[in-house]
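Enquirer: Sequence plus predicted model, see below.
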Amino acid sequence: PKEGGLVAVYPGTSKTAKPILLIAHIDVVEAKRADWERDPFVMVEENGYFYGRGTADNKAQAAVWVDTLIRFKQQGYTPKRTVKVALTCGEETNGAFNGAQWLAENVLPNRHVLAVAGTHGKTTTTSILAFMLEAAGRDPGFLVGGVPENFGVSARIGSGKEFVVEADEYDTAFFDKRSKFVHYSPRVAILNNLEFDHADIFPNLDAIEIQFHHLVRTIPESGLIIVNARDKSLERVLSYGCWSRIQYFGHPREQMGMLRAQGAHHAFDVLRGGLKLGRVEWALVGEHNQLNALAAIAAAENVGIQP
């Protein structure tokens, strides 16, 4: 605890039941209202996007997890499923531990990692992709920066080969200023979009583009990068050098090999060139969610799930 991080494993009775993974980052970062275009402590919606920093605090939930395990131990209770807890405190540690590194070293080895990166839509796209794999019977592991309604949890180990991770560009910890996503070594990476964000750690858009290129460099030659064809910032990132296969999506006009949508945002056909691959009908609205769907479909297709 004096190092700022906490990892605990509470063994269950079953050797076959999947363990429960509880992971949270609980550091404190100063934010001054005058430094932000929008109030960082107020969640606002503009043009279909949500903006906010410091609008919620997960320290209480992390404390509940730890308190519950202590009570289990005191009362002699043993759950069926093993419970694993990993908590990190970025600015409060001297460098002994960080959650992204722990995930990379303890969960991701020998998994087919699919990473979802981008300024907007990471949580939604990660959730969509994880559920597509679940519906196909793959039992994927996942780590999402929210709680998808289809799963009811933000993370699980999963027994399948695939692991879907929301890949954040924010720095790993106070002692590790690399973006979190450089730890994950994905075989498939979605680059959904890229805008200036996190003004507390990045001086400009160029600095974020460099971090995204670091992610590109971690992907093997046999891997796949799925890229929003409309995003100029992502074009610049790839222009720095790319050694993996690229699958584009989202251009409104027909282009060979590219996934695109045709129809309303809530009901549309998925096309590759002029070939119809499938149809999406759902309750989500907005062109941004249509693009999220195309990215997830491209990633799922890469691991053998047809639209």
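Expert: Arrived safely.
Enquirer: Okay, helices next: where are they in the stretch 101-250 of the chain?
Expert: Assigned by DSSP state H, counting those that start in this stretch, the helices in the stretch 101-250 of the chain fall at 122-135, 205-218, 232-239.
Enquirer: Now distance to residue 51, mean pLDDT and mean neighbour count too, for the ones you listed, in a markdown table please.
Expert: Yep, even glycine has a C-beta here, placed from its N, CA and C like the rest. Formatted as a markdown table, the helices of the stretch 101-250 of the chain follow (distance: least, C-beta to C-beta, whole Å; pLDDT from 0 to 100; neighbours: other C-beta atoms under 10 Å):
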| stretch | distance to residue 51 | mean pLDDT | mean neighbour count |
| --- | --- | --- | --- |
| helix 122-135 | 14 | 96 | 23 |
| helix 205-218 | 16 | 95 | 18 |
| helix 232-239 | 18 | 96 | 16 |
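Enquirer: In a markdown table, list these along with distance to residue 18.
Expert: Formatted as a markdown table, the helices of the stretch 101-250 of the chain follow (distance: least, C-beta to C-beta, whole Å):
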| stretch | distance to residue 18 |
| --- | --- |
| helix 122-135 | 13 |
| helix 205-218 | 27 |
| helix 232-239 | 35 |
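Enquirer: so where's this structure uncertain?
Expert: 1-4, 27-31, 53-54, 90-97, 174-175 (pLDDT under 70).
Enquirer: Point to the residue nearest the middle of it.
Expert: residue 166 (0.6 Å; C-alpha atoms, centre = their mean).
Enquirer: Any idea what it is bridged to?
Expert: residue 116 (DSSP bridges).
Enquirer: now it: how far from residue 202?
Expert: To residue 202, residue 166 is 19 Å away according to C-beta to C-beta, to the nearest Å.
Enquirer: now swap in residue 212 and tell me
Expert: Taking C-beta to C-beta as the measure, residue 212 and residue 202 are separated by 11 Å.
Enquirer: And for residue 122?
Expert: In terms of C-beta to C-beta, residue 122 sits 16 Å off from residue 202.
Enquirer: same deal with residue 223?
Expert: 26 Å.
Enquirer: next one: residue 104
Expert: 22 Å.
Enquirer: again with residue 69
Expert: 36 Å.
Enquirer: ditto for residue 114
Expert: 25 Å.
Enquirer: swap in residue 41?
Expert: 20 Å.
Enquirer: Compare these two and say which is more crowded by neighbours.
Expert: Taking neighbours as other C-beta atoms under 10 Å, residue 41 and residue 202 compare with residue 202 leading, 19 against 13.
Enquirer: so that one touches residue 196, yeah?
Expert: Yes. The pair residue 202 and residue 196 qualifies as a contact (C-beta atoms under 8 Å) at a distance of 7.3 Å.
Enquirer: Find residues that contact each of those two.
Expert: Shared between the contact lists of residue 202 and residue 196 (criterion: C-beta atoms under 8 Å, 6 or more residues apart in numbering) are residues residue 208.
Enquirer: if I've got this straight, residue 285 is in a strand?
Expert: No. Assessed with DSSP: H, G, I helix; E, B strand; the rest coil, residue 285 is coil; it does not lie in a strand.
Enquirer: List the residues that contact it.
Expert: Residues near residue 285 by C-beta under 8 Å, 6+ apart: 265-266.
Enquirer: switch to numbering from 878
Expert: Yep, numbering from 878; the last one is residue 1162 now.
Enquirer: gap between the closest residue to residue 1098 other than its chain neighbours and residue 1093?
Expert: Nearest residue to residue 1098, sequence neighbours excluded (C-beta to C-beta, 6 or more residues apart in numbering): residue 1120, at 5.4 Å. To residue 1093, residue 1120 is 8 Å away according to C-beta to C-beta.
Enquirer: got the contact list for residue 1121?
Expert: Applying C-beta under 8 Å, 6+ apart, the residues near residue 1121 are 1093, 1096-1102.
Enquirer: Of these, which pair is most distant in space?
Expert: For the contacts of residue 1121, the farthest-apart pair by C-beta to C-beta is 1093 and 1099; their separation is 14.4 Å.
Enquirer: did I read that right, residue 1171 in a helix?
Expert: Yes. Per three-state DSSP, residue 1171 lies within a helix segment.
Enquirer: Just give me the neighbour total for it.
Expert: 28.
Enquirer: so it sits right up against residue 1137, yeah?
Expert: Yes. Assessed by C-beta under 8 Å, residue 1171 is found in contact with residue 1137 at 7.1 Å.
Enquirer: Overlap in contacts, the two.
Expert: Jointly contacting residue 1171 and residue 1137 under the rule C-beta under 8 Å, 6+ apart are 1126-1127, 1147.
Enquirer: Thank you, goodbye.
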